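# sequence and predicted structure, then a few things I'm wondering about:
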Amino acid sequence: MKGTFPIEKFGALQTPFYYYDATLLRNTLKTIQEEAGKYNKFCVHYAVKANANPKVLGIIRESGLGVDCVSGGEIKAAVKAGFPASKIVYAGVGKTDWEINLGLDYDIFCFNVESIPELEVINELAAAKNKIARVAFRINPDVGAHTHANITTGLAENKFGISMADMNRVIDLALEMKHVKFVGLHFHIGSQILDMGDFVALCNRINELQEQLYARQIIVEHINVGGGLGIDYAHPNRQPIPDFAGYFATYHKHLRLRPQQTLHFELGRSVVAQCGSLITRVTYVKQGTNKQFAIVDAGMSDLIRPALYQAYHKIENVSSEEPMETYDVVGPICESSDVFGKAIDMNRTKRGDFLAIRSAGAYGEIMASVYNCRELPKGFLSEEIL
């Protein structure tokens, strides 16, 4: 079954563009709030890196979620969208001085610290402002995830986080510093995870680390388990809202929290991916020697995931009800990797047809570039077009 798109309205818009189903986004946020709300002290933050479209951020802010930022620019975008600084957590392996100072000036909820040198800089910059920075330490749990190698983040070989062996030492350093307050532990093992067993493994590792700290009579206020929940790229209509019930239940069942502890999540892809589609128009249908190509006006500059990760996105011809044919769907950019999909079965396609590249609400518009001096694609909410 195809998605429902107002193609009669698309002709007035310059392709390619991102189309966001605002109703689906709100329903997704409602489900998140309902499922997380079943458990005491579950706090959900939206990972801005997935999609920072101001109109999308506005809907997410209305839902009451906090935000997870990984740059000073994202902090600015979150504040501009109306998120309270008290709900902003700031992660990232390479925070610069101006970004740390920005977080201090806004008095954000927490810095997720990834190294001892970073901790020392935060303490120094906070001292210069006569402030106390709240910090959580991102611990690399050395837990693998069943996902693409480029989006696995929790292995010892990855650049992220502080090793488990250094956890006690870095906590001791923080406790001696006058301008940081140690408030939590932060973890993140990867993205597009569909096997709940990966999250169980993370829970088990956190339980072990918590026991070590408990033996020292240290109970941290906040545990942050990151995000990582995947979506169904193959069947966006069949499962438009991810399995949040199973996700939150997994942590409730397997993570041994102390009564006074709060559990934080940083969900990105699972919040916005299914609500977004890249809408592109067919420029030419070209018959090759052994295949036919649907050449579209979108390129890897508009959606880089297929070229970068060999990611699959379902592609639909939303203009045609003709019999199915097989195409390679390719863009206009002068790179052989500018391919959205090979051997794609679509309704018979002609010049001018609209194609919808589905499940593109996460890491689509936000990763767009101006390569080949192309214009950045615009993003529209469904309620703007209808």
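Received the coordinates, thanks. Just so it is clear, the structure is predicted and the values come from calculations on it, not from any experiment.
# every contact and neighbour count from this point should use C-alpha atoms.
Fine.
# spatially nearest residue to residue 32 (excluding sequence neighbours)?
The spatial neighbour of residue 32 that comes closest, neighbours along the chain excluded (CA to CA, 6 or more residues apart in numbering), is residue 244 at 6.4 Å.
# number of residues surrounding the one you found?
Neighbour count for residue 244, taken as other CA atoms under 10 Å: 19.
# how about the helix or strand encompassing residue 207: buried residues?
Mapping residue 207 onto the secondary structure by DSSP states H and E places it in helix 196-215. Neighbour counts over helix 196-215 (16 or more other CA atoms under 10 Å) mark 198-203, 205-207, 209-210, 213 as buried.
# distance of the residue nearest to residue 32 relative to residue 365?
Computed with CA to CA, to the nearest Å, the distance linking residue 244 and residue 365 is 24 Å.
# re earlier: now do the same contact list for the residue nearest to residue 32.
Under the criterion of CA atoms under 8 Å, 6 or more residues apart in numbering, the contact partners of residue 244 comprise 31-32, 35.
# over to residue 75?
Residue 75 sits in contact with 69, 88, 90, 103, where contact means CA under 8 Å, 6+ apart.
# for residue 374, state which of these is nearest.
For residue 374, the closest of the contacts of residue 75 turns out to be residue 69, at 27.4 Å, with distances computed as CA to CA.
# give me every residue that touches the closest one.
With CA under 8 Å, 6+ apart as the criterion, the residues that contact residue 69 are 47-49, 75, 88-91.
# go again using 6 Å as the cut-off
Taking CA atoms under 6 Å, 6 or more residues apart in numbering as the criterion, residue 69 is in contact with 48, 75, 90.
# beta-bridge partners for the residue nearest to it when sequence neighbours are not counted, please?
Of all residues not flanking residue 69 in the chain, residue 90 sits nearest, at 4.8 Å (CA to CA, 6+ apart). Under DSSP bridges, the beta-bridge partners of residue 90 are residue 69, residue 111.
# from residue 173, how far out is residue 90?
Note on residue 90: its distance to residue 173, by CA to CA, is 20 Å.
# tell me which of those two has more neighbours.
Under the neighbour definition other CA under 10 Å, residue 90 and residue 173 were set side by side, and residue 90 has more, 25 against 14.
# which residues are in contact with the more buried one?
Residues touching residue 90, when contacts are defined by CA under 6 Å, 6+ apart, comprise 68-70, 111-112.
# closest to residue 274 out of the residues you listed?
The closest of the contacts of residue 90, once distances to residue 274 are taken by CA to CA, is residue 68, at 19.7 Å.
# report pLDDT for the closest one.
Looking at residue 68, its pLDDT stands at 98.
# ok, residue 219 next?
For residue 219, the pLDDT comes out at 89.
# do residue 142 as well
The predicted structure lists residue 142 with a pLDDT of 78.
# what about it, which SS state?
coil (DSSP: H, G, I helix; E, B strand; the rest coil).
# any chance you could map the strands in the stretch 201-350 of the chain?
Assigned by DSSP state E, counting those that start in this stretch, the stretch 201-350 of the chain shows strands spanning 222-224, 262-267, 276-287, 292-296, 315-317, 324-330, 339-347.
# of all those, which lies closest to residue 185?
Go through the strands of the stretch 201-350 of the chain one by one with CA to CA and the one that ends up closest to residue 185 is strand 222-224, at 5.1 Å.
# ok, and for the closest one, which residues are buried?
When burial is assessed from 16+ other CA under 10 Å, strand 222-224 yields the following buried residues: 222-224.
# redo those residues as a markdown table? Include pLDDT and distance to residue 383.
Output for these, formatted as a markdown table (pLDDT from 0 to 100; distance: CA to CA, whole Å):
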| residue | pLDDT | distance to residue 383 |
| --- | --- | --- |
| 222 | 97 | 38 |
| 223 | 98 | 37 |
| 224 | 98 | 34 |
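# nearest residue to residue 54 in space, please, no chain neighbours.
Across the structure, with CA to CA, 6+ apart as the measure, the residue nearest residue 54 apart from its sequence neighbours is residue 81 (6.5 Å).
# can you give me the neighbour number for that neighbour?
Other residues within reach of residue 81, judged by other CA under 10 Å, total 20.
# repeat for residue 176
Under the criterion other CA under 10 Å, the count of neighbours that residue 176 has is 10.
# before we move on, what about residue 283?
Taking other CA under 10 Å as the neighbour definition, residue 283 ends up with a count of 18.
# contact partners for it?
When contacts are counted by CA under 6 Å, 6+ apart, residue 283 touches 295-296, 351.
# from residue 354, how far out is it?
Taking CA to CA as the criterion, residue 283 is separated from residue 354 by 10 Å.
# then residue 88?
Separation of residue 88 from residue 354 (CA to CA) stands at 39 Å.
# can you check residue 63 too?
Residue 63 is 32 Å from residue 354, where distance means CA to CA.
# and what of residue 248?
Applying CA to CA, one obtains 38 Å for the distance of residue 248 from residue 354.
# looking at these two, which is more packed in?
Set side by side, residue 248 and residue 354 give different neighbour counts by other CA under 10 Å, the larger being at residue 354 (24 against 18).
# what's the burial count for the nearest residue to that one once chain neighbours are set aside?
Nearest in space to residue 354, with sequence neighbours left out and distances taken as CA to CA, 6+ apart, is residue 281 at 4.6 Å. The local packing count at residue 281 equals 25, with neighbours defined by other CA under 10 Å.
# pLDDT score for residue 281?
Reported pLDDT at residue 281 in the predicted model: 98.
# what's near enough to touch it?
Residue 281 is in contact with 296-297, 352-355, counting by CA under 6 Å, 6+ apart.
# for those residues, which one is nearest residue 125?
Of all the contacts of residue 281, the one sitting nearest residue 125 is residue 297; the distance, using CA to CA, is 47.4 Å.
# any idea how far residue 230 is from the closest one?
28 Å.
# give me the more crowded residue out of the two.
Taking other CA under 10 Å, residue 297 and residue 230 do not tie; residue 230 has more neighbours (21 against 18).
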